[in-house]
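[1] With the sequence up front, the predicted model follows.
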Amino acid sequence: MNIEEILDKLLSGVHTVVFKKVSDNTVRKMKCTLINENIKDADRRDIITKVKDKKVLSVWDTEKNAWRSFRIDNVIRFEENENDEE
């Protein structure tokens, strides 16, 4: 899955990304989104500025209620969640 496909999905819902962390190579599973209504104290400009480049994507972690980022190359799996699971 490329960054554009991931962005499209995250702009339309809350989904789960499984990726390897750069800092210590552990695997992390994160529920995240880029939908404004799920992001506290953020607006559209914040979302756009969080897309740093085509290699790193910053997203809103819905369980930690904070911005987190991951490298696209380190994504192991992208799980599409149903709306009622959010």
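    Yep, it's here. Since the model is a prediction, treat every value here as computed from it, not as a measurement.
[2] residue contacts, the residue nearest to residue 76 when sequence neighbours are not counted?
    Distance criterion C-beta to C-beta, 6 or more residues apart in numbering; nearest residue to residue 76, sequence neighbours excluded, is residue 18 at 4.6 Å. Where C-beta positions appear, they are placed from N, C-alpha and C, glycine not excepted. By C-beta atoms under 8 Å, 6 or more residues apart in numbering, the contact list for residue 18 reads 27-30, 75-79.
[3] and residue 9, how many neighbours?
    19 (other C-beta atoms under 10 Å).
[4] now swap in the one 4 residues further on and tell me
    Burial of residue 13, expressed as a neighbour count using other C-beta under 10 Å, amounts to 16.
[5] And residue 56, by the same measure?
    Other residues near residue 56 come to 16 when the count uses other C-beta under 10 Å.
[6] Look up the residues forming beta bridges with it.
    As for beta bridges, residue 56 partners with residue 71 under DSSP bridges.
[7] separation between it and residue 13?
    Taking C-beta to C-beta, to the nearest Å as the measure, residue 56 falls 21 Å from residue 13.
[8] what ranges do the helices span in this structure?
    For the chain, the helices identified by DSSP state H occupy 3-10, 44-50, in order along the chain.
[9] Who are the packing partners of the longest one?
    Helix 3-10 is packed against strand 56-61, strand 75-79, with contacts defined by 3 or more C-beta pairs under 8 Å, 6 or more residues apart in numbering; DSSP states H and E.
[10] quick one: contacts of that helix?
    Residues outside helix 3-10 that contact it (C-beta under 8 Å, 6+ apart): 15, 17, 32-35, 51, 54, 57, 59, 72, 75, 78, 80.
[11] and those residues, which are buried?
    If you count burial by 16 or more other C-beta atoms under 10 Å, the buried members of these come out as 15, 17, 32-34, 57, 59, 72, 75.
[12] pretty sure residue 56 contacts residue 68?
    No: contact status for residue 56 versus residue 68: not in contact, 10.9 Å apart, counting by C-beta atoms under 8 Å.
[13] Which of the helices and strands packed on helix 3-10 comes out lowest on mean pLDDT?
    Lowest mean pLDDT within these: strand 56-61, at a mean of 89.
[14] could you give the mean pLDDT of stretch 6-14?
    The average of the pLDDT scores along stretch 6-14 is 91.
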